[in-house]
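[1] the amino acid sequence is not available; the structure is as follows:
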């Protein structure tokens, strides 16, 4: 059902060959998300041309779906201000604030000057909130009913407001100071006799959030309690806006992206589609930090140089012992980081989790140690070397399991994002432990 | 707003001390997801006792929110069949099918025997679909209006059906063969004159899905096109059920969990909360596969033993060159795997992506190579060794970038889940390349 690669290519081809009329006709029929895919593949100047030739409501919907990396705000800023204002008027207020939020205040002002006063005030209010908070993702367009109304009066009020409000899934009941006193699923309204006061069949507004709440917390809350439309209220209880499920589905994806990138040792700010110079700037500093930890692993080997020279098979064993520790540690880390991210690890389970991963580490370590130990014997390396690799492997895999569980939980406890304990970090740690065990025990067992 | 740790502890304490009345009173007032958190911390026998003392509608809602790992189905099966049937009757049909799906057909039958024939038929139909498909997550409870109705007739039809249907966000228009011919957002219904035929103001059903569609594709589709309620139709166009946003929010989390676990070298089947024996069974086979690849890295070192014995500082450099390659490769891999997961990497961008990551690899490799090369000089290791570490580091980080992008895209192209190219896999690959480069070039440069 999603647009195919060849349909995108056809549209790109039409546009680039100057078949303006055909391009426009086909573009207008696309779903906004599909047209956004086409626009995303154009360069900035082409995108500007395409937006110039499309009706304002069509380009508005598509720009709202364009990924941040394609900078829809810059396209708006490059249009003449009257055309940009037409597009902004077609946008939902939260989408308008998202797009304009990337521009400097001067450019925002230039575009907003052209739109209706009421719409402008809504967008400006939303621009005042941090992008990744409840205020930054809510819309101010909602349907309110006075707490003194009957069902019939409420229905009339809803009809008056519905044209402006976009899709809605429930109605908010407010008192005369615009304080939220209840919510009304459309289902209840449809099913109530006309003369019944809404007060009698409204739901109490169990869950409300302040505009400062982090968007990730908002997403978790809506998903946990299956809330289709979440009211945002200020400290005085006044209703400021609402957040619907389509405002948060991207949040869950964004957070998952950040977690996977951090786990892989990439800063979450890099995102997925930056050009290579930005990727270099984002990754190189982190690699230099890792270089220091790699030097630590090298330093351990340095201390044992004489022993390696004497028994050079130790150099062959080094990557095997260290690597398997890294693998086992990364497994424990992945499970623990994800449990923390989903809020599945209450503090009371700290010890239980370390014990669990430690137990898994002991058993996996003994199994792997036995395997490599027996293999060393089979290769005729002698019982002492067999014992050495057994102990080093078992010990390192055990320590790796403990570290993979302990480090992220410790970070969480002291208030640091546990995802910075990336696989990269645990891998270096297990390198150091593995070398120390292998080369240190070699002194005891092989001397 | 979420239940606090101390509130959970209080309830656990009340329950375990036998304060049945107080526990019941407090439990009944909780949100289902919060009560589920409490039940999840009880052991199986305690959970059974708790469910026995709660009203059927309260335990039904909580069991629906219980994580799979707590096996709500087994709790149901352990109740006496009449009580279990009472609970199933309170469940939405999709939740009932989810919970009963974990039981064997004989146990399902024993419980379903006690519920109303119509409800039973719904649940049995849903049990026929695979758990992770559109059919497995849809509900059959939906509101349909005949395509010959006026707005007023539609409203009357909706009132008749609304009690059964749970929350709903739009209404489906069907012909006399129950084929889907349109959809009606409640907003349109509320705003239309009573004598207008629904046919005149219904939306055409642009997006429908077959019951076999994978739940991940369903989630992407609903999120991409902001669909609040997605109709599921069979090959003949007959309406089978609907999927709403609250059916898919867990899907996105589940998929993100699977991806992070696979990235960390853990089978997605392990999940996040299995007891340690299951974790050992899941991880050990994968570690044995990794052991084979670790032996390959060891084998490379084995080939160069004589050289290491002659120039033992090579053993010190080994973990530094190999480790930094692993880190850079993991970075490229994380970005590429996530882009593939989100569908952000169309096939046309295969080459562009490899070139991008290769460019990042060259530049980061040169920078890191220069740093370690100069450091070797500063430590008085001589120009030849400085040159050696420069080339080995630059080359390995470059190859790591290419591999991190190339391997997952290649897997995707040949139809293998790219997430199996975990960090563990890339790390071993860069170990092998790093050792080969370092020890191989040492023969050229240091002889």
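    Sure, I can see it. If you're wondering where the values come from, they're calculated on a predicted model, not measured in any experiment.
[2] closest point of the stretch 1-150 of chain A to chain B, which residue?
    At 4.8 Å from chain B, residue A:33 is the closest residue in the stretch 1-150 of chain A, using CB to the nearest CB. (Glycine included, C-beta is placed from N, CA and C.)
[3] so that residue touches residue B:223, yeah?
    No. If you go by CB atoms under 8 Å, residue A:33 and residue B:223 don't touch, sitting 9.3 Å apart.
[4] which of these two has more neighbours?
    A direct count of neighbours by other CB atoms under 10 Å in any protein chain shown for residue A:33 and residue B:223 places residue B:223 higher, at 22 against 19.
[5] how many neighbours does the nearest residue to the more buried one once chain neighbours are set aside have?
    Spatial nearest neighbour of residue B:223, excluding adjacent residues (CB to CB, 6 or more residues apart in numbering or on different chains): residue A:249 at 4.2 Å. As a burial measure, residue A:249 scores 23 neighbours (other CB under 10 Å).
[6] tell me the predicted confidence for the residue in the stretch 51-200 of chain A that chain B sits nearest to.
    Scanning the stretch 51-200 of chain A for the residue nearest chain B gives residue A:186, at 4.7 Å (criterion: CB to the nearest CB). For residue A:186, the model assigns a pLDDT of 75.
[7] mind checking the backbone torsions on the spatially closest residue to it that is not a sequence neighbour?
    Among residues not flanking residue A:186 along the chain, residue B:186 sits closest, at 4.7 Å (CB to CB, 6+ apart). Backbone torsions of residue B:186, given as degrees, to the nearest 10, read phi -60, psi -30.
[8] next: residue A:182.
    phi -170, psi 170.
[9] check the gap between it and residue B:372 for me.
    As for residue A:182, its distance to residue B:372 is 66 Å (criterion: CB to CB, to the nearest Å).
[10] for residue A:133, same thing?
    Distance of residue A:133 to residue B:372, computed by CB to CB: 43 Å.
[11] more neighbours: those two, which one.
    More neighbours surround residue B:372 than the other of residue A:133 and residue B:372, with 23 against 19 (other CB under 10 Å).
[12] give the contact list for the more buried one.
    A:291, B:320, B:389-390, B:393 (CB atoms under 8 Å, 6 or more residues apart in numbering or on different chains).
[13] from those residues, which two are the most distant?
    Spanning the widest gap among the contacts of residue B:372 are A:291 and B:390, at 13.5 Å by CB to CB.
[14] that older thread, surely the residue nearest to residue B:223 and residue B:246 touch.
    No. With contacts counted by CB under 8 Å, residue A:249 stays clear of residue B:246, the gap being 11.4 Å.
[15] which pLDDT value belongs to residue A:420?
    Model confidence at residue A:420 (pLDDT) stands at 69.
[16] and residue A:363, by the same measure?
    What the model reports for residue A:363 is a pLDDT of 96.
[17] give me the number of neighbouring residues for it.
    A total of 21 residues lie near residue A:363 under the criterion other CB under 10 Å.
[18] which one is it nearest to, not counting chain neighbours?
    Counting by CB to CB, 6+ apart, residue A:363 lies nearest to residue B:280, which is 5.0 Å off, once chain neighbours are set aside.
[19] tell me which element that neighbour falls in.
    Using DSSP states H and E, residue B:280 sits in helix B:276-303.
[20] after the lowest-mean-pLDDT helix or strand in chain A, next one along is what?
    In chain A, no helix or strand scores lower on mean pLDDT, DSSP states H and E than helix A:186-191, which sits at a mean of 77. Next along the chain after helix A:186-191, taking DSSP H and E as the criterion, comes helix A:198-201.
[21] now that next one: mean pLDDT?
    Throughout helix A:198-201, pLDDT has a mean value of 90.
[22] give me the contact list for that helix.
    Contact partners of helix A:198-201, identified using CB under 8 Å, 6+ apart, comprise A:145, A:147-151, A:154, A:173, A:182, A:184, A:188-189, A:192.
[23] ramachandran angles for the residue nearest in space to the middle of chain A?
    In chain A, the centroid-proximal residue (CA atoms, centre = their mean) is residue A:255; its distance is 1.7 Å. Main-chain torsions, residue A:255, degrees, to the nearest 10: phi -70, psi -40.
[24] any low-confidence regions in chain A?
    Along chain A, segments meeting pLDDT under 70 span A:1-2, A:166, A:347, A:420-421.
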